[in-house]
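Undergrad: can't give you the sequence, but here's the structure:
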Ligand SMILES: C[S@@+](CC[C@H](N)C(=O)[O-])C[C@H]1O[C@@H](n2cnc3c(N)ncnc32)[C@H](O)[C@@H]1O
């Protein structure tokens, strides 16, 4: 597995319990997912959004590099209409053929926790390769209290968060949209409880 920080294995249980579902996130993403579409959720974690976002989709596949996250996701999606499947894999080398899905999505700043900007762009190009309609990427714009946001890690691991999540701008996604010949649309989605601000970038064909 390239580029995987095993800290996610260790915090999986706590992440599943502590990180809430954000209604504004669901509101911003759901309109894109037309009835009968297929969705790949890259870095799905415990997949807490699946039951809310993918009720009318034909296929939902969650991909994550962490085995414990995948186990938790399998336990969680009991009520999903689409037959959910979960695979272990890397965001930067998706194990799917071109155009396998309608949409790829990556939520809660999964893109930002990849180790560098080369890996992040690689992940976006992979999502655009496997999804016919485009990708929906929720990222961190600003974090006013970094110290609070790292609490989950500090409390659980007994040491500081081992990395700083990247922050994103619309300009970054406009540049990627130009490179890959897609359109970029933005919606400001939400502020989380720890003073982090997230937005949704939709890169659509
Ligand atoms: C911030 S969490 C987001 C989880 C979920 N998308 C959500 O909205 O709650 C990041 C997730 O990315 C996964 N991850 C980290 N590196 C990865 C990689 N290289 N490829 C795939 N998943 C990865 C972690 O295991 C973790 O589940």
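TA: Perfect, thanks for sending it. Small disclaimer: the values here were computed from a predicted structure and weren't measured. Numbering: from 1, shown residues only.
Undergrad: most proximal residue of the protein with respect to the ligand?
TA: Using C-beta to the nearest ligand atom, residue 45 is the residue of the chain that sits closest to the ligand, at 2.7 Å. Just so you know, the C-beta spots here come from the backbone N, C-alpha and C atoms, and that holds for glycine as well.
Undergrad: helices along the protein, start to end?
TA: Per DSSP state H, the chain carries helices over the ranges 7-18, 23-29, 50-53, 67-76, 117-130, 146-149, 151-157, 170-180.
Undergrad: as TSV, those with distance to the ligand and mean pLDDT would be great.
TA: Output for the helices of the chain, formatted as TSV (distance: least, C-beta to the nearest ligand atom, whole Å; pLDDT from 0 to 100):
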stretch	distance to the ligand	mean pLDDT
helix 7-18	3	88
helix 23-29	8	91
helix 50-53	10	85
helix 67-76	4	92
helix 117-130	7	97
helix 146-149	11	54
helix 151-157	10	64
helix 170-180	18	97
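Undergrad: quick one: closest of those helices to residue 41.
TA: Residue 41 sits nearest to helix 50-53 of all those, at 6.8 Å, using C-beta to C-beta.
Undergrad: show me what the closest one is packed against.
TA: Counting contacts by 3 or more C-beta pairs under 8 Å, 6 or more residues apart in numbering; DSSP states H and E, helix 50-53 packs against helix 23-29, helix 67-76.
Undergrad: state which strand of the chain is the longest.
TA: strand 131-143 (DSSP state E).
Undergrad: now do that one against helix 170-180, angle only.
TA: 160 degrees (axes from the mean of the first three to the mean of the last three C-alpha atoms, to 10 degrees).
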